[in-house]
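Trainee: Structure for this input, please:
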Amino acid sequence: GNGVKTIARILDVSKNTVKTYLFKLDKLLTGKRAEKVTIETLLSLDEPELYTLFHPGNPSYKDSRYDYFKANLEHYQKELEKVGVTRVLLWEEYKEANPDGYSYSQFCFHLDQQQVAKGKPTMVLDHKPAEKLYIDFAGKTIPYIDRETGEVIACQLFVACLPYSDYAFAMAVPSQSVSDFLYALSRCLEDLGGVPQLLVPDNLKAAVIKADRYEPDINQALEDFANHYRTAVLPARVRKPQDKALVENQVKILYSRVYAKLRNMQFFDITSLNEAIKLKVKAHNQTRMQKKPYCREEKFIADEKALLTDLPVDRFELRSYSMLKVAKNNHIYLSADKHYYSVPHTLMGNKVKVVYSRSMVYIYHGGKKVAVHTRNFKHGAYSTVKEHLCSHHQHYRDRSPDYYRNLSAKISKVLYEYVCLLFEQKRYPEQLYRSCDGLLALARKSDTEALEKACKTAMENGIYSYKFIKNIIENHMEDESVQNNISTLPKHQNVRGKSYYSNQQSINFK
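Mentor: As a prediction, the model looks like this:
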């Protein structure tokens, strides 16, 4: 029974709003649906249902212009994916074909509405404490200045976070190479004070060799890293940033809390740059989160840190792999060191797997470790283990005066004395090695007593020769004395003497 003005004053709305609702109410009660809609029915409805009855939708979608736009919508969306095609260009072409069509703002509005309608729903993930570590690199580099050259060095920013507490870690590294990536990851785990159950990296080459939705090929170096720290690797899907949305969000936040705050500061080495980044990230982790009564660091320490597995005692060493063929000299050539490493001689001609770290070289064949060497960076040199050589080569390698003295001492005391006197001669030792080999061969074939007698005879006469000893034994002359007769010329008149040559004059030949 109240008038429009009274209703407007009571509800604190305009008169026109009251008139509009009364008009719509009358249309509902007297229209085609009058038999189904009554005042009692309307009063029993919830607010959203009641709103739908009085606001059935935007009349613009009933416009004939929208029908034309909708018919060409798929064409517009495909064209926007092409290089150089913009909304302005599409709208100009649209107006040429349809002069009475939408203005540019309405054209863009309906395009955006379609994008919203096509959008897929996102899922809220329930993260468990200490389960995963999300890993990524920021898209923008962070620089420092080389003090000597003045060159600006652009560094990559490694970013990681634990999704349960959203605790973040960031560090500048020279590149996204395997060594830099794993170094930053190891420093991250040390900063956390433990290891999570899963590492979730992006599909960068340092982590994934070949991306696949179901079974990606993990980089061997990252697999070794995960085995060393007793964890596993589960890369995010290709072009699916929502798989690690929290670390993507961390990158956005760090742009303002690290990049922006360091933009007016100059650093002259990567160490000082990382010290500044560490302070800013610490402040970020200690900043109270929106809509939550705690900061990231409090959540991490309270609920997550104690659940991380312990760090290994030793730091991880990056390993490299190579398949090499064993040469005829039973060595493999490692081109990274330009150095030769020995392998057991039985593997000559076979291919072996070489695994080398910063300090060691491991060689495998058929899944078994066959050789271990300390890494040597001396170019062109050989690292040889004696046991890897065949017996002949071991003998050749071990040759020395002491080697032959020791062998002869085991056979006979007399032979030992003879060999010692043999090496006292003013000859290069290696010239006497074959003579010693011959004497040892005679010792194996001959009677020891006969050999000793022959050696004594040779020493009495001061003759140090393998052939002399051999002739005595072969001719059974051990018991005979050797006559050392010195032959002289007979006396005769045909002796000119010194005076003849001193008095001779020069002879002229014609």
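Trainee: what about the stretch 1-150 of the chain, any weak spots by pLDDT?
Mentor: 32-36, 56-62, 116-124 (pLDDT under 70).
Trainee: Quick one: the helices in it, in order.
Mentor: For the stretch 1-150 of the chain, applying DSSP state H, counting those that start in this stretch gives helices covering 4-11, 15-30, 39-44, 47-54, 64-71, 73-80, 87-97, 104-118.
Trainee: show me the biggest strand of the protein in terms of residues.
Mentor: The longest strand of the chain (DSSP state E) is strand 152-162.
Trainee: per-residue confidence averaged over that one?
Mentor: In this model, strand 152-162 carries a mean pLDDT of 94.
Trainee: what helices or strands is that strand leaning on?
Mentor: Here strand 152-162 touches strand 132-137, strand 142-145, strand 167-173, helix 178-192, helix 245-254, helix 270-285, going by 3 or more Cβ pairs under 8 Å, 6 or more residues apart in numbering; DSSP states H and E. (C-beta placed from N, C-alpha, C; glycine too.)
Trainee: Paired strands for it, with orientation please.
Mentor: Partners of strand 152-162 in the sheet, by DSSP bridges, are strand 132-137 (antiparallel), strand 142-145 (antiparallel), strand 167-173 (antiparallel).
Trainee: how about JSON lines for these, with distance to residue 329 and mean neighbour count added?
Mentor: Below are the strands paired with strand 152-162 laid out as JSON lines (distance: least, Cβ to Cβ, whole Å; neighbours: other Cβ atoms under 10 Å):
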{"stretch": "strand 132-137", "distance to residue 329": "45", "mean neighbour count": "24"}
{"stretch": "strand 142-145", "distance to residue 329": "48", "mean neighbour count": "18"}
{"stretch": "strand 167-173", "distance to residue 329": "41", "mean neighbour count": "24"}
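Trainee: and the residue nearest the centre of the chain, what does it touch?
Mentor: By Cα atoms, centre = their mean, the mean C-alpha position of the chain lies nearest to residue 178, the distance being 2.9 Å. Contacts for residue 178 (Cβ atoms under 8 Å, 6 or more residues apart in numbering) come out as 205, 206, 219, 221, 222, 318.
Trainee: Can you give me the distance of the residue nearest to the second one when sequence neighbours are not counted to residue 316?
Mentor: Among residues not flanking residue 206 along the chain, residue 181 sits closest, at 3.9 Å (Cβ to Cβ, 6 or more residues apart in numbering). Residue 181 sits 12 Å away from residue 316, taking Cβ to Cβ, to the nearest Å as the criterion.
Trainee: ok, those two, which is more surrounded?
Mentor: More neighbours surround residue 181 than the other of residue 181 and residue 316, with 26 against 19 (other Cβ atoms under 10 Å).
Trainee: surely the more buried one meets residue 208?
Mentor: No. Using Cβ atoms under 8 Å, residue 181 makes no contact with residue 208, being 11.3 Å away.
Trainee: now the stretch 151-300 of the chain, which segments are flagged as low pLDDT?
Mentor: Along the stretch 151-300 of the chain, the parts satisfying pLDDT under 70 run over 239, 241-243.
Trainee: Which stretch among the helices of the stretch 1-150 of the chain approaches residue 174 most closely?
Mentor: Closest to residue 174 of the helices of the stretch 1-150 of the chain is helix 73-80 (Cβ to Cβ; 38.2 Å).
Trainee: Quick one: list the elements packing against the closest one.
Mentor: If you count contacts as 3+ Cβ pairs under 8 Å, 6+ apart, helix 73-80 packs onto helix 87-97, helix 104-118.
Trainee: Mind checking those for the one nearest to residue 40?
Mentor: Residue 40 lies closest to helix 104-118 among these, at 36.1 Å (Cβ to Cβ).
Trainee: Report the buried residues of that closest one.
Mentor: Applying a neighbour-count criterion of 16 or more other Cβ atoms under 10 Å, one finds 106, 107, 110, 111, 114 buried in helix 104-118.
Trainee: Quick one: distance of that helix to the chain centre.
Mentor: Put simply, helix 104-118 sits 45 Å off its chain's centre (Cα atoms, centre = their mean, to the nearest Å).
Trainee: Give me the helices and strands touching that helix, please.
Mentor: Packed against helix 104-118, as judged by 3+ Cβ pairs under 8 Å, 6+ apart, are the following elements: helix 64-71, helix 73-80, helix 87-97.
Trainee: okay, the angle between the second one and helix 104-118?
Mentor: Think helix 73-80. On the basis of axes from the mean of the first three to the mean of the last three Cα atoms, to 10 degrees, helix 73-80 is oriented at 100 degrees to helix 104-118.
Trainee: same thing with the longest one?
Mentor: Here helix 87-97 runs at an angle of 110 degrees relative to helix 104-118 (the same axes, to 10 degrees).
Trainee: Need the contact partners of helix 87-97.
Mentor: 69, 72, 76, 79, 80, 101, 102, 104, 107, 108, 111.
Trainee: Give me the distance between the residue nearest to the centre of the chain and residue 470.
Mentor: Using Cβ to Cβ, residue 178 is found at 65 Å from residue 470.
Trainee: now do residue 280
Mentor: On the measure of Cβ to Cβ, residue 280 and residue 470 end up 87 Å apart.
Trainee: Just give me the neighbour total for the closest residue to residue 154 other than its chain neighbours.
Mentor: Take residue 154 and drop its neighbours on the chain: the residue closest to it by Cβ to Cβ, 6+ apart is residue 141, 3.9 Å away. When neighbours are counted by other Cβ under 10 Å, residue 141 registers 14.
Trainee: Could you pull up phi and psi at residue 344?
Mentor: Dihedral pair for residue 344: phi -50, psi 140, per degrees, to the nearest 10.
Trainee: Tell me which residues touch the nearest residue to it once chain neighbours are set aside, please.
Mentor: Among residues not flanking residue 344 along the chain, residue 388 sits closest, at 5.0 Å (Cβ to Cβ, 6+ apart). Residue 388 sits next to 330, 342, 343, 344, 345, 371 when contact means Cβ under 8 Å, 6+ apart.
Trainee: any idea which of these is the one closest to residue 55?
Mentor: residue 371 (82.0 Å).
Trainee: Return the residues in contact with residue 289.
Mentor: 166, 295, 296.
Trainee: Now that the first one has come up, it's in contact with residue 246, right?
Mentor: Yes. Judged on Cβ under 8 Å, residue 166 makes contact with residue 246 at a distance of 6.1 Å.
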